[in-house]
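J.: Take this sequence and fold it.
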Amino acid sequence: KFYDTNDIEVIAGSPVVSVFRTPKCTGYADQSSFVFTTGEPTMSPSLAPSLSFAPTKPYTVPINLSQGKEASQICNYSSTKYPARHGNDGIISTRRSWMTHTCKRANAWWKVDLGGLKQIESVEIWNRPDCCQFRLSNFYVQFLDEYGDELSSIYNDGYFMKNKKFTAGRNVFARYVRIQLTAGEPLHLMEVKVLGWDVSPDLLESGASCSDSTQCASGLCTGESICY
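T.: Numbers count the residues shown, from 1 in each chain. Modelled structure (predicted):
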């Protein structure tokens, strides 16, 4: 049905829908355009009824935001071995020489600085491969703002032998990601990947998820929480 600006129905009968395939445009998804051919109107509308579907940008695959960025940990197991930078160097090895390892300290943590607020989709963590996997258990994945204050967190109960992925949730923007134990064991990690998009919260591109208009470059956040 079609309605005018006063919310009065202006079309009688059922409209005919014709579907045409549009040429592919660089950077845009291939989708159909819909043209509605109307029947006889019950009154003369001020504007010819029409409906247009603009092409939308395809989903952008999240990238590894953490690789090579500055990393730190509460303390070092050794002055020469297992530095914090091994946790985001991109190397997933079966050799423990490539892992991180803190000293034994209550609530031990490892942290990466993404260099600014980034939109985070998920965090994937690899445990050490050789032994002692139980130490990486009962921990938090924490998302921190530019001042180091916690925005949100995910709690992991128990441990895993190889790797595990944690979904951040909708519209999580953080500068730091921290993995923190809740007990007194040392913390060791083989690798941490923070996946997301290298965009600031007020410069989201068309098609990105949003929660308010200030997050979209266009200034328009649709009812479906997608930047226009």
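J.: count of residues packed around Glu121?
T.: The number of residues packed near Glu121 is 20, by other CB atoms under 10 Å. C-betas here are computed from N, CA, C, even on glycine.
J.: For it, give me its contacts.
T.: Counting by CB atoms under 8 Å, 6 or more residues apart in numbering, Glu121 touches 62, 167-168, 195-197.
J.: Any chance of JSON lines for those residues, columns neighbour count?
T.: Putting those into JSON lines (neighbours: other CB atoms under 10 Å) gives the following:
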{"residue": "Pro62", "neighbour count": "16"}
{"residue": "Thr167", "neighbour count": "12"}
{"residue": "Ala168", "neighbour count": "22"}
{"residue": "Leu195", "neighbour count": "18"}
{"residue": "Gly196", "neighbour count": "22"}
{"residue": "Trp197", "neighbour count": "19"}
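J.: Can you add pLDDT and give these back as TSV?
T.: TSV is the format used below for these (pLDDT from 0 to 100):
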residue	pLDDT
Pro62	93
Thr167	96
Ala168	95
Leu195	97
Gly196	96
Trp197	93
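J.: So which of those is the closest to Gly184?
T.: Ala168 (27.5 Å; CB to CB).
J.: What sits closest to the closest one if chain neighbours are left out?
T.: Nearest non-adjacent residue to Ala168, counting by CB to CB, 6 or more residues apart in numbering: Ile120, 4.4 Å away.
J.: so the one you found sits in a helix?
T.: No: according to DSSP: H, G, I helix; E, B strand; the rest coil, Ile120 belongs to no helix; its state is strand.
J.: from memory Gln73 sits against Arg105, does it?
T.: No: counting by CB atoms under 8 Å, Gln73 sits too far from Arg105 to count as a contact (9.7 Å).
J.: more neighbours, those two?
T.: Gln73 (27 against 15).
J.: Phe160 versus that one, what's the distance?
T.: 20 Å (CB to CB, to the nearest Å).
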